[in-house]
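Undergrad: here is my input, please return the structure:
(chains A and B)
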Amino acid sequence: MSLFGTSAGFGTGGTGVFGSTTTDSHNPMKDVEVTSPPDDSISCLAFSPPTMPGNFLIGGSWANDVRCWEVQDNGQTVPKAQQMHTGPVLDVCWSDDGSKVFTASCDKTAKMWDLNSNQAMQIAQHDGPIKSIHWIKAPNYSCIMTGSWDKTLKFWDTRSPNPMMSLQMPERCYCADVVYPMAVVATAERGLIVYQLENQPSEFRRIDSPLKHQHRCVAIFKDKQNKPTGFALGSIEGRVAIHYINPPNPAKDNFTFKCHRSNGTNTATPQDIYAVNAISFHPVHGTLATVGSDGRFSFWDKDARTKLKTSEQLDQPITACCFNNNGNIFAYASSYDWSKVRVRLYSLLCAERDKNTLSEINKTTS
Amino acid sequence: MAEGGDADWELSKENIQPLRRGRAISALNQALSQQQDGPSSAINQQKQSFESELRIYEGDDPLDVWDRYIKWTEQTFPQGGKESNLAMLLERAVTRFTEEQKYHNDPRYVDLWIKFAENCPEPLDTYRYMQAKAIGVTQTSFYIAWSEEYEKQGNFRQADMIYQEGLKNCAEPQDKLLHFHKALQARVSRQVMTSMVMDDSDDEAKHAERVSLADLKHRGKKKAIAPVNRVGAAVKSNSQGLQSQGALASNNAANSRFVVFDENKIHSDEPAEPKVESWMAPPPARAKENEQKPEKWCDVKMPQRSRFGHTLTSLPPSKPTFQPFVEESDQPPTMTPCKINPAVNTVLSARKPCKEETPLKRLQEHHQQAEAGKVQEQSMYCKELLLSGATEFCFEELRAERYRQKIAQDSGTRGQMDQASAGTAN
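TA: Next up is the predicted model:
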């Protein structure tokens, strides 16, 4: 039973559902390739929440469109629907019940896309491109949080054209993440602000950046009681910082690690440093995945402070990633500026996978 | 001439930094009124658009973008200050084009250097650096600014020589150079005249007034003389022109008990032309008061006090030739109670000689690094593009700007095509 109405036609038809059998640098991991990828780089990916049966993947791109695919259990992907903005799409997110998708774009607007009716309407307006959009579901309210390059963070009730609340930030929003009741925004000039969302959103703390370079991506992680307790912050120079909000021993508990660099131990040649483009946490095991401009993705265990796995090098940078709601599928998008876009799905359940890797990822953190 | 409503700037005159070129009154009023409301989004947007333009400009004249951005910043932020990032912008602009020969004598670039020099703690060093790098050597504005700096410091001789240097290098526009040179000479000679007149009046009216900064005349039989040591600017203010500087200095020297160091005297011994040195090491841009480098504490022996207050040094440099008097009840020197263990106590550890960061030094280091070319780590992204303006950009901002430009171009060509087709249709 299809969830949506008639699916809007996509542009050029995609080729090949499964990865090719010959080893090629496009798909060295032999992962499943998604059909009908967008025509330009992908900026963001989001899987549907657990409240919805099945797996649906949303991807926003620099070709001004947002596409939706259904990912079936056999790995096959079916393009479902598409919406357009008048500018490149920078971020997407789902509502908690899985009926709506919110998209943020360079055209300074955010839209709400009702998947049942396949209609999209504008719900937010900023003075500058909107870089991040997140759905907040609190016991006494629910709203959309948008962070923009106009240095404001606005909260929108989707029914009203005016924001519920507007918070001023010291600099442009570069990335954000929300896990109720905590929200983290990383801004330009290495700014870092934590907000608390209980009752109504308010600024909780401004943190001195643990990184020396521009902030690029942030993701909140939870503790064993499923409460948000800290975040991982990635920079443009191959480093990720793990930061707890209220650790018992900040000097020992917070740390940074290098990633997405070439020539690890070889000191003769200079080390190439790449940007960390996105960070995602596994919803069940709490391990984290990072993707970088070097064309690799890596899985890490932040509690054991070890690297679990690094992929082979793709020929293009990986720009976005996300886990599905039960952690069985990891989607990553590799795209170069202005050409050759691919979205792939890495199955963590596939029998042909390296058994050791699987067991490492699946082991519960002590 | 200013109507009631337009006189807002009158109220905050002291907060407005003067510009050589003058300020547009409308921009000034707008900037002042907006500042009361806080940073407005219009200003932010304009700033952002300048920043974007800086990064994606692909034409032949990148200096133009910097020039317009800096001029806009000056007009929009009358107070200067941190918000405007003016100092940083100037430094970046100047650093960016130092190696570009084609800009070395571009009047806009030279103007930027002059503004940068004025922000430096020691502008003369900057001007000398410019000369060494052959920046602005055919521009009159350079010589005028340099000479004015000398004049401000009271060094008329050097100020004059700078103009002569400019004439020698055929600086353009030449008539302006000559005009300013004549004005300087007029000022100097006027000062000579007034000080000569003052001296004459001194001779006539000995008992009329006590001349300031003159020797105090003693009364009575005691021949005590209160020495008046004049150095630096004070000497020149009473000087009788350029020629008799030396005479007055020698007068002062006779009065005082010791020879007063007069840096201008030293300068007059130097060859007439200012030496063009090659700047390999950064010039000491700031007057260093404490020349002593910080030393490790544990190597320095502190004189220890015995119980009876006698100061005993634990390690005398040489054995004294006489027998030091020692009291019978003298106790052995007590150890200093607090032993500073550098491994534990980081407060008193050896300080690294701190590098005094001045804009000129940063410029020097920038070039040394560029020449050295040694890189341990390579950043695999367009660092210059991200960091080139006053504030940083992220990849998406860069790309969004390129996208916007492409759209604008496409709509422009489409508009032209529409016009063309409309034209042909008619």
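
Undergrad: any idea what residue A:47 is bridged to?
TA: Per DSSP bridges, residues listed as beta-bridge partners of residue A:47: residue A:57.

Undergrad: any weak-confidence spans in the stretch 151-300 of chain B?
TA: The model of the stretch 151-300 of chain B has pLDDT under 70 over residues B:199-211, B:213-300.

Undergrad: what of the stretch 201-350 of chain A?
TA: Checking the stretch 201-350 of chain A against pLDDT under 70 turns up A:263-268, A:336-350.

Undergrad: and the strands in it?
TA: Counting by DSSP state E, counting those that start in this stretch, the stretch 201-350 of chain A has strands at residues A:202-206, A:215-222, A:228-235, A:239-244, A:255-258, A:271-273, A:276-281, A:288-292, A:297-301, A:306-310, A:318-323, A:329-336, A:339-347.

Undergrad: and the ones you listed: which comes nearest residue A:27?
TA: strand A:339-347 (6.7 Å; C-beta to C-beta). (C-beta placed from N, C-alpha, C; glycine too.)

Undergrad: ok, back up a step: can I get the strands of the stretch 201-350 of chain A in TSV including mean neighbour count and distance to chain B?
TA: Output for the strands of the stretch 201-350 of chain A, formatted as TSV (neighbours: other C-beta atoms under 10 Å in any protein chain shown; distance: least, C-beta to the nearest C-beta, whole Å):
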stretch	mean neighbour count	distance to chain B
strand A:202-206	13	18
strand A:215-222	22	7
strand A:228-235	24	11
strand A:239-244	22	11
strand A:255-258	14	10
strand A:271-273	20	5
strand A:276-281	24	9
strand A:288-292	26	10
strand A:297-301	22	16
strand A:306-310	15	17
strand A:318-323	25	9
strand A:329-336	24	12
strand A:339-347	20	13
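
Undergrad: as JSON lines, these with distance to residue B:58 would be great.
TA: As requested, the strands of the stretch 201-350 of chain A are exported to JSON lines (distance: least, C-beta to C-beta, whole Å):
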{"stretch": "strand A:202-206", "distance to residue B:58": "38"}
{"stretch": "strand A:215-222", "distance to residue B:58": "26"}
{"stretch": "strand A:228-235", "distance to residue B:58": "28"}
{"stretch": "strand A:239-244", "distance to residue B:58": "32"}
{"stretch": "strand A:255-258", "distance to residue B:58": "34"}
{"stretch": "strand A:271-273", "distance to residue B:58": "26"}
{"stretch": "strand A:276-281", "distance to residue B:58": "26"}
{"stretch": "strand A:288-292", "distance to residue B:58": "28"}
{"stretch": "strand A:297-301", "distance to residue B:58": "34"}
{"stretch": "strand A:306-310", "distance to residue B:58": "37"}
{"stretch": "strand A:318-323", "distance to residue B:58": "24"}
{"stretch": "strand A:329-336", "distance to residue B:58": "20"}
{"stretch": "strand A:339-347", "distance to residue B:58": "20"}
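
Undergrad: which of the ones you listed sits closest to residue B:67?
TA: strand A:215-222 (31.4 Å).

Undergrad: just the angle between the closest one and strand A:228-235, please?
TA: 160 degrees (axes from the mean of the first three to the mean of the last three C-alpha atoms, to 10 degrees).

Undergrad: can you list the residues of the stretch 1-150 of chain A near chain B?
TA: A:43, A:62, A:87-88, A:90, A:106, A:127-129, A:131, A:149-150 (C-beta under 8 Å from any C-beta of the partner chain).

Undergrad: mind running it again at 6 Å?
TA: Residues of the stretch 1-150 of chain A lying near chain B by C-beta under 6 Å from any C-beta of the partner chain: A:106, A:127, A:129.

Undergrad: which one of the strands of the stretch 201-350 of chain A lies nearest to residue B:70?
TA: strand A:215-222 (27.9 Å).

Undergrad: how many other residues sit next to residue B:174?
TA: For residue B:174, the neighbour count with other C-beta atoms under 10 Å in any protein chain shown is 12.

Undergrad: in contact with it, which residues?
TA: Neighbouring residues of residue B:174 by C-beta atoms under 6 Å, 6 or more residues apart in numbering or on different chains: there are none.

Undergrad: same question for residue A:63.
TA: Counting by C-beta under 6 Å, 6+ apart, residue A:63 makes contact with A:38-40.

Undergrad: take these and keep only those in helices.
TA: The helices in this structure, assigned by DSSP state H, contain none of those.

Undergrad: minimum pLDDT in the residues you listed, which residue is that?
TA: Scanning the contacts of residue A:63 for pLDDT, the low point is residue A:39. It has 78.

Undergrad: next one: the nearest residue to that one once chain neighbours are set aside from chain B, what distance?
TA: Closest residue to residue A:39 apart from its sequence neighbours, by C-beta to C-beta, 6 or more residues apart in numbering or on different chains: residue A:63 at 4.4 Å. Shown here: residue A:63 relative to chain B, a distance of 10 Å by C-beta to the nearest C-beta, to the nearest Å.

Undergrad: one more: residue A:287?
TA: Distance from residue A:287 to chain B, by C-beta to the nearest C-beta: 26 Å.

Undergrad: right, and that residue touches residue A:298 too?
TA: No. Here residue A:287 does not reach residue A:298: they are 10.4 Å apart, not a contact under C-beta atoms under 6 Å.

Undergrad: need the contacts of residue A:63 in TSV (columns: neighbour count and distance to residue A:198).
TA: Output for the contacts of residue A:63, formatted as TSV (neighbours: other C-beta atoms under 10 Å in any protein chain shown; distance: C-beta to C-beta, whole Å):
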residue	neighbour count	distance to residue A:198
A:38	26	38
A:39	16	42
A:40	20	39
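
Undergrad: and the residues of the stretch 1-150 of chain A next to chain B, which are buried?
TA: A:106, A:129 (16 or more other C-beta atoms under 10 Å in any protein chain shown).

Undergrad: filter the residues of the stretch 1-150 of chain A next to chain B down to just the ones in strands.
TA: Using DSSP state E, no member of the residues of the stretch 1-150 of chain A next to chain B falls in strands.

Undergrad: reformat the residues of the stretch 1-150 of chain A next to chain B as CSV; add pLDDT.
TA: Below are the residues of the stretch 1-150 of chain A next to chain B laid out as CSV (pLDDT from 0 to 100):
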residue, pLDDT
A:106, 94
A:127, 92
A:129, 94
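
Undergrad: return the member of the residues of the stretch 1-150 of chain A next to chain B nearest to residue A:313.
TA: Distances from residue A:313 to these, taken by C-beta to C-beta, are shortest for residue A:106, at 29.9 Å.

Undergrad: what residues does that closest one make contact with?
TA: A:87-88, A:129, B:400.

Undergrad: please redo it, this time with the cut-off set to 8 Å
TA: A:85, A:87-90, A:129-130, B:400, B:403-404 (C-beta atoms under 8 Å, 6 or more residues apart in numbering or on different chains).

Undergrad: mind giving me a markdown table with the residues you listed and columns for distance to residue A:116?
TA: Listed next are these as a markdown table, based on distance: C-beta to C-beta, whole Å:
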| residue | distance to residue A:116 |
| --- | --- |
| A:85 | 20 |
| A:87 | 26 |
| A:88 | 26 |
| A:89 | 21 |
| A:90 | 25 |
| A:129 | 29 |
| A:130 | 24 |
| B:400 | 32 |
| B:403 | 32 |
| B:404 | 34 |
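
Undergrad: any residues in contact with both of residue A:287 and residue A:298?
TA: residue A:308.

Undergrad: wait, isn't residue B:126 in contact with residue B:116?
TA: Yes. Counting by C-beta atoms under 8 Å, residue B:116 is a contact partner of residue B:126 at 6.9 Å.

Undergrad: assign a three-state SS to residue 63, would you?
TA: Using chain A here. coil (DSSP: H, G, I helix; E, B strand; the rest coil).

Undergrad: let's do chain B instead
TA: Residue B:63 - assigned by three-state DSSP - is helix.

Undergrad: same deal with residue A:97?
TA: Secondary structure assignment for residue A:97 (three-state DSSP): coil.

Undergrad: number of residues surrounding it?
TA: Around residue A:97 there are 11 residues (other C-beta under 10 Å).

Undergrad: would you confirm that it contacts residue A:49?
TA: Yes. Counting by C-beta under 8 Å, residue A:49 is a contact partner of residue A:97 at 7.5 Å.
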